[in-house]
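**Q** A predicted structure for the sequence below; I have some questions about it.
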Amino acid sequence: MEKIVIISSSVRRGRKSHRVALWLSRYLIEYVHTGVDIADLMEYNFPLFDERLVFQENPSEAVLDFAGKIRNADGVIIVTPEYNGSYPASLKNVIDLLNEEWHRKPVAIATVSEGSFGGSRVIIPLQFTLWKMGALTVPSIFQVPKVGEAFDIDGNPNDKPLIEKKTATFIQELLRYIEKKK
Ligand SMILES: Cc1cc2nc3c(=O)[nH]c(=O)nc-3n(C[C@H](O)[C@H](O)[C@H](O)COP(=O)(O)O)c2cc1C
């Protein structure tokens, strides 16, 4: 069984992009029957980056736990909101923390916004950073505009047939990358 880790990036009080992480997690469990783990950056509450894990003398349990999740994942989905045309500092904080864990890791991106463009401007800076880290970024993007209308707080989609269709395409592409890598 594939192991997929979903990084929920927003640490903002009242965040909404976490709804998308909940939906993708449920989709993977119920429709695709993969193993799923949500790496919730709000729960981890990491301090601001001060050195890469590989150079830390006494890494915290939380850092080791997060690194282990990424290392052992067959694929990673990053759910990120768009903040001022890019991805949030909380996400950069954990990308920089790791190094070889990202190498050749299939990574799919879900972008989220409250406006109409679905966080589309995140894609270029985030894909570039992941490419620099040696990750295998999946071209298919899951874009969620108007997130507050599209999903309820538990991650239930308002227009289920539409979201199921978009999710199927997105997940299939990630699974293809995982398969090809093997
Ligand atoms: C600091 C900040 C900057 C934002 N910048 C953008 C932006 O550039 N483009 C956009 O479409 N939405 C922007 N938004 C609105 C977010 O898309 C919206 O708040 C979304 O719910 C954020 O995800 P979150 O609720 O999980 O934090 C911004 C929100 C915040 C808090």
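**A** Everything's here; your move.
**Q** what does this protein have sitting close to the ligand?
**A** The chain comes close to the ligand at residues 10, 12, 15-17, 81-85, 112-115, 117, 147, as judged by C-beta under 6 Å from any ligand atom. Quick note: C-beta positions are derived from backbone N, CA and C, even for glycine.
**Q** Pairing partners for the biggest strand by length in the chain, with directions?
**A** When the chain is parsed with DSSP state E, its longest strand is strand 136-144. Strand 136-144 pairs in its sheet with strand 106-112 (parallel), by DSSP bridges.
**Q** Now do the residue nearest the centre of the chain against the ligand, distance only.
**A** Closest residue to the average C-alpha location of the chain: Ile78 at 1.2 Å, with C-alpha atoms, centre = their mean. In this view, Ile78 and the ligand are 13 Å apart by C-beta to the nearest ligand atom, to the nearest Å.
**Q** that's a strand at that residue, yeah?
**A** Yes. Ile78: assigned to a strand according to DSSP: H, G, I helix; E, B strand; the rest coil.
**Q** ok, what's across the strand from the closest residue to it other than its chain neighbours?
**A** Using C-beta to C-beta, 6 or more residues apart in numbering and skipping residues adjacent in sequence, the residue nearest Ile78 is Ile7, 4.8 Å away. Counting by DSSP bridges, Ile7 is bridged to Ala39, Ile78.
**Q** I'd like the distance between Ile7 and Ile153.
**A** Remark: distance between Ile7 and Ile153 (C-beta to C-beta, to the nearest Å) = 20 Å.
**Q** Which of the two has more residues huddled nearby?
**A** Ile7 (27 against 10; other C-beta atoms under 10 Å).
**Q** can you pull the contacts of the nearest residue to Lys105 once chain neighbours are set aside?
**A** Counting by C-beta to C-beta, 6+ apart, Ala135 is the residue found nearest to Lys105 once chain neighbours are left out, at 4.9 Å. Applying C-beta atoms under 8 Å, 6 or more residues apart in numbering to Ala135 gives the contacts Val76, Trp102, His103, Arg104, Lys105, Pro106, Val107.
**Q** where's the second one relative to the ligand, distance?
**A** When you say that, I think you mean Trp102. Trp102 is 23 Å from the ligand, by C-beta to the nearest ligand atom.
**Q** residue boundaries of the helices in this structure?
**A** Remark: helices assigned in the chain by DSSP state H are 18-27, 41-44, 61-72, 89-97, 123-132, 147-150, 160-181.
**Q** from the ones you listed, which stretch is densest packed?
**A** Compared across the helices of the chain, helix 18-27 shows the largest average neighbour count, a mean of 23 (mean count of other C-beta atoms under 10 Å).
**Q** elements contacting it?
**A** Here helix 18-27 touches strand 3-8, strand 35-40, strand 75-81, strand 106-112, strand 136-144, helix 160-181, going by 3 or more C-beta pairs under 8 Å, 6 or more residues apart in numbering; DSSP states H and E.
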